[in-house]
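quick check, what structure comes out for this input:
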Amino acid sequence: MRIEQFLYITEIAKTGSIATAAERLYVSSPGISLAISSLEEELGIKIFERSRTGLEPTETGKKLIIKAQEILNCIEEFKHEAKGDSSDIEGNLSISADPAICRSIIPKTVAELNAKFPGITLQIKESASYQVRKDVLNGDADIGLVFYPSFLNEENQLLTSTHIIDNSMMLCFRKDSELASKDILTVEDIHKYPIVANYLSDNDRKKFLTQVFGEFNKLNILVHSQNSETKKYFISQGLAIGFEPYIIIKSDPFYQREDIIVKPVKGIDLKISYYSIRLKSKFLSAAGKEFSKELQVQANDFKETNKIIVI
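Numbering: from 1, shown residues only. This next block holds a predicted model:
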C-alpha cells in the first residue's frame, strides 16, 4: 500500500476517468491502472466498477476513498507544519470566481498576496456562479467564490462555505430615461422596460424572478449576459436597464459616468451574499489559507467604504 495509490483513487473518484486522472497527475494511464489493481488485490475488494459514464466507486470504495482523502489531507497539513516560517509559503492555487468578485475584490487581494508571498502561483478563472460550483465539485478549482441571493442559499453537502460580504443590487439606466424623473422607483416602473440580466441557470432564474418580483416576475428580459461589456453597451445605448451589485458599481468607472444613473428599487429586498466555497474532503493548503485571509481583509475594507458612501 503506497501513498500514490491513495492519490490515484481520490483523483479517479473526482473525474470518473483513469485517463483524465493520469493527465492531471502527470503519470501514465497504464501506471495508474496497475496501481489500482494492485491495491484492490491487496485489500481483496473492488474499489471501482465500470458504468456508462465511466468509473464509479463501489459502496466499499466510497468509504475507502474518504479515508484516503483524509490521509492525504493529514500529509499536506504535516508538510505545512514542517515549513514553520509563513514567509516561505509557496504552491499553486486555482480560483474560480463570480464576475462581481473577480472584478472588484480579487485584484487588490492578488496584489497584496503577491507582495507578501511571491512563491504562491494563482490561476484565476471568471465564471458564472453555477459554473464556479461545478468547478469546485469537479476538482477543477481549489476555491470558488460565488453569490447566493438569500432565497438560494442552499449548500451542497459536499461543500463547505465561508461568508465573505453582503451586497445589494441597484438598478442602472441612462440619464435620459423616463425613470430618471422619478424620486422613488418601484417594481411597477421597471416592469415596463427591457432588461439586460445576469445569466443564471434555468432553475435559479425561476426562483430569482418569482421570489424577488412576485406577481411581476414576467419581466421583459431582452438579453441574458455574463459579459460586463455587453450589459454596459445595452444600458449606455438606452436599449435596456439592468441590475448590478454594489461592489461592481463601486469598482467600475462606467457606473460613475454622468450619463448613467444608479438607484435602488422600492418594494424588493434583493440582498446578494458572497461566499467562498471548497470541497469538505479537500485539505486547504497554506497558500489557500493565506489567500482566504487576504480576501476577507479586502472585503472588510470594502464594508467600511460601503458604510460611508450610500447611493
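
alpha carbons only for contacts and neighbour counts from here, please
Fine.

show me where this structure dips below the pLDDT cut-off.
81-87, 149-157, 198-219, 269, 304-311 (pLDDT under 70).

and the strands in it?
For the chain, the strands defined by DSSP state E occupy 48-51, 54-57, 91-97, 120-126, 143-149, 159-174, 185-186, 195-197, 221-224, 242-245, 260-263, 265-266, 271-279.

same for the fourth one, what does it pack against?
What it means is strand 120-126. Counting contacts by 3 or more CA pairs under 8 Å, 6 or more residues apart in numbering; DSSP states H and E, strand 120-126 is packed against strand 91-97.

in the strand it packs on, which residues are buried?
Under the neighbour-count criterion of 16 or more other CA atoms under 10 Å, strand 91-97 has L93, S94, I95, S96, A97 buried.

who does it touch, helix- and strand-wise?
Counting by 3+ CA pairs under 8 Å, 6+ apart, the packing neighbours recorded for strand 91-97 are strand 120-126, helix 129-137, strand 143-149, helix 286-308.

between those, which one is closest to H80.
The closest of those to H80 is helix 286-308. By CA to CA, the value is 6.4 Å.

got the buried residues for that closest one?
Those would be A286, A287, G288, E290, F291, S292, E294, L295, Q296, Q298, A299, F302, for helix 286-308 by 16+ other CA under 10 Å.

could you find the closest non-adjacent residue to the fifth one?
Computed as CA to CA, 6 or more residues apart in numbering, the closest residue to F291 that is not its neighbour in sequence is L113, at 6.8 Å.

give me the neighbour count for the one you found.
21 (other CA atoms under 10 Å).

what's the spacing between it and I89?
11 Å (CA to CA, to the nearest Å).

could you dump the helices and strands packed on strand 91-97 to CSV with distance to D183?
Converted to CSV, these look like this (distance: least, CA to CA, whole Å):
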stretch, distance to D183
strand 120-126, 36
helix 129-137, 33
strand 143-149, 26
helix 286-308, 22
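
nearest to T20, of the buried residues of helix 286-308?
G288 (24.0 Å).

for the closest residue to the closest one other than its chain neighbours, which residues make a bridge with it?
In this structure, G288 finds its nearest non-sequential neighbour in L93, 6.6 Å apart by CA to CA, 6+ apart. Beta-bridge pairing of L93 under DSSP bridges involves L122.

mind listing the residues bridging to S168?
K271.

what's the burial count for it?
16.

for A128, same thing?
22.

I65 now?
22.

that one: what's it in contact with?
I65 sits next to F6, I9, T10, A13 when contact means CA atoms under 8 Å, 6 or more residues apart in numbering.

list the contacts for the first one?
F6 makes contact with I65, A68, Q69, L72, according to CA under 8 Å, 6+ apart.

how about the closest residue to I66 other than its chain neighbours, phi and psi?
Of all residues not flanking I66 in the chain, S281 sits nearest, at 7.2 Å (CA to CA, 6+ apart). Backbone torsions of S281, given as degrees, to the nearest 10, read phi -80, psi -10.

in this structure S281 contacts E70, no?
Yes. Counting by CA atoms under 8 Å, E70 is a contact partner of S281 at 7.1 Å.
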